[in-house]
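Asks: Let's see this in three dimensions:
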Amino acid sequence: MNYPKFVNKYDPKSKWPYKLSRSKIDLFLECPKCFYLDRRLGISRPSLPGFTLNVAVDVLLKKEFDLLRRQGVAHDLMKKYKIDAVPYSHPELEIWRNNFKGKEYHHEGTNFIISGAIDDIWINSKEELHIVDYKSTSTNDEISLEDKYKQALKRQMEIYQWIFIKSGFKVNDTGYFVYANAGKGRDKFDGKLEFELSIIAYKGKQDWIEPTLFEIKKVLNSNEVPKYSPDCEYCAYRNASRKY
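Replies: Below you'll find the predicted structure:
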């Protein structure tokens with residue numbers, strides 16, 4: 001079926017599928033009001049500058065794993081963590097990685113096309129796929145997924161897993177975060193950063209996703225702006241600025 005060009009603003013009267021990215025689902029969970037303003041009324045939050053160093057790390061990691069993908073062998077880091085898998089080859093992999101396309105699934109219950117751009121996929125000896133996400137940071141602390149700011153990363157992984165499961169792929173619940181941690185202990189810069197690579201395994205749960213999609217559909221079809229989240233800094237700023 002040939003769909004028309006997707007638009008940002010949601011129209012409750014339209015019969016065409018509406019594209020909803022992984023990041024917009026997370027925006028809804030973060031603050032329903034900001035989500036409604038963005039998707040229904042076309043009023044987006046102020047944009048943030050791009051994290052170009054993070055993008056550079058992503059690109060280099062993809063190149064590194066692609067070399068091994070062509071050979072069908074595991075990365076030394078995967079061997080270190082005793083991960084029974086190799087980088088997965090698929091003719092549409094580059095499309096799935098594209099931030100403007102990604103992997104898409106049409107959820108007929110809501111008529112949403114859910115999309116997300118993955119970083120990588122590994123395949124194990126049981127022919128199961130493992131969704132992989134690259135992350136970069138610079139910290140002296142132990143890298144963990146337990147603080148509240150990392151919960152969005154878990155949801156991101158789960159949405160990617162759900163998209164591939166719904167698309168008919170055999171997906172293992174365990175996904176992997178490949179972390180590149182830039183060290184700060186060198187005596188001088190010398191125009192380079194040195195990264196230590198590590199892998200964090202995460203077992204995802206997808207049971208929350210479909211109920212959330214129906215809740216999003218309900219909110220978008222309403223003509224009432226939902227209440228803001230008390231933790232939303234953007235709404236707190238708007239509310240405070242009105243007083244003056």
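
Asks: Kindly provide the distance from residue 42 to residue 202.
Replies: 34 Å (Cβ to Cβ, to the nearest Å). Bear in mind the C-beta positions are built from the backbone N, C-alpha and C, glycine included.

Asks: Equivalent analysis for residue 57, please.
Replies: 19 Å.

Asks: Quick check: chain neighbours aside, which residue is closest to residue 166?
Replies: residue 105 (4.8 Å; Cβ to Cβ, 6 or more residues apart in numbering).

Asks: part of a strand, is that neighbour?
Replies: Yes. The assignment for residue 105 by DSSP: H, G, I helix; E, B strand; the rest coil puts it in a strand.

Asks: of residue 42 and residue 202, who's got more company?
Replies: Neighbours were tallied for residue 42 and for residue 202 using other Cβ atoms under 10 Å; the higher tally belongs to residue 202 (18 against 11).

Asks: how far is the host helix or strand of that one from where the chain is centred?
Replies: Using DSSP states H and E, residue 202 sits in strand 195-203. A distance of 16 Å separates the centroid of the chain from that of strand 195-203, by Cα atoms, centre = their mean, to the nearest Å.

Asks: Please point out which parts of stretch 189-198 sit buried.
Replies: Using 16 or more other Cβ atoms under 10 Å as the test for burial, stretch 189-198 gives 193, 195, 198.

Asks: what's the answer for stretch 196-216, then?
Replies: Those would be 198, 200, 202, 204, 206, 209, 213, 216, for stretch 196-216 by 16+ other Cβ under 10 Å.
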